[in-house]
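Q: This is a predicted model, with the sequence first.
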Amino acid sequence: MPEPLSRLIYETALLLDAEDFPGFLNRCAEDFRYVIHAHSPELGKKMIWLEHDRKGMHDMFLMLNQHVRVKGHFKRHVSVYTIDSVGPNVSRVHTSLMLIHTNPDGVSSLFAAGHYIDVIRSEEGVHSLRERNVVLDTRDLSPGIHIPI
């Protein structure tokens, strides 16, 4: 049985795979912050591709049906590397991430690789995501990805 913080990471991956966005938000703290970024060697700095607070994520989820989206489904493969305490009831979890896309014909391919750096708050046995930084190695994403990585 994975320890509770690892379990939260695995659960959020399963919820995103199932596109259970309300379930994902239920695992997030009220002050949740979500960022997707990658390093650009050409620019020599970090590129921020998406940044939202909890309300911004909620609003984005409400608009998903109005966007043109990549056909098929995604599956996240996550592996927790480290869990470090960074303060009272706060931990940082570093997780490897591979996002696999399967098209409607059943062909699967690696869509993105990177890692999560999550900040988790633990209070009275309840663990919630306070921050998720998605740090991508992949810098060439297809158009139509409007769901969280």
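A: Noted; the coordinates are in hand.
Q: and the lengthiest helix in the chain, what does it pack onto?
A: The longest helix of the chain (DSSP state H) is helix 4-17. In this structure, helix 4-17 packs against helix 21-26, strand 73-87, strand 90-102, strand 108-123, strand 126-136, with contacts taken as 3 or more Cβ pairs under 8 Å, 6 or more residues apart in numbering; DSSP states H and E. C-beta coordinates here come from the backbone N, C-alpha and C atoms, glycine included.
Q: buried sites along it?
A: 5-6, 8-9, 12-13, 15-17 (16 or more other Cβ atoms under 10 Å).
Q: Format those residues as TSV; extra columns: distance to Ile83 and pLDDT.
A: Listed next are these as TSV, based on distance: Cβ to Cβ, whole Å; pLDDT from 0 to 100:
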residue	distance to Ile83	pLDDT
Leu5	5	95
Ser6	7	96
Leu8	11	97
Ile9	9	97
Thr12	15	97
Ala13	16	97
Leu15	20	97
Leu16	20	96
Asp17	22	96
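Q: per-residue confidence at the residue nearest to Val93 when sequence neighbours are not counted?
A: Once flanking residues are discounted, Val93 sits nearest to Asp118: 4.6 Å by Cβ to Cβ, 6 or more residues apart in numbering. Asp118 is assigned 98 on the pLDDT scale.
Q: Contacts only, for Asp118.
A: 9, 92-93, 95, 129, 131-133 (Cβ atoms under 8 Å, 6 or more residues apart in numbering).
Q: just to revisit the earlier point, outside of the longest helix of the chain, which residues touch it?
A: Residues contacting helix 4-17 (Cβ under 8 Å, 6+ apart): 1-2, 21, 23-24, 27, 73-78, 80, 83, 91, 93, 95, 116, 118, 120, 122, 127-129, 147-148.
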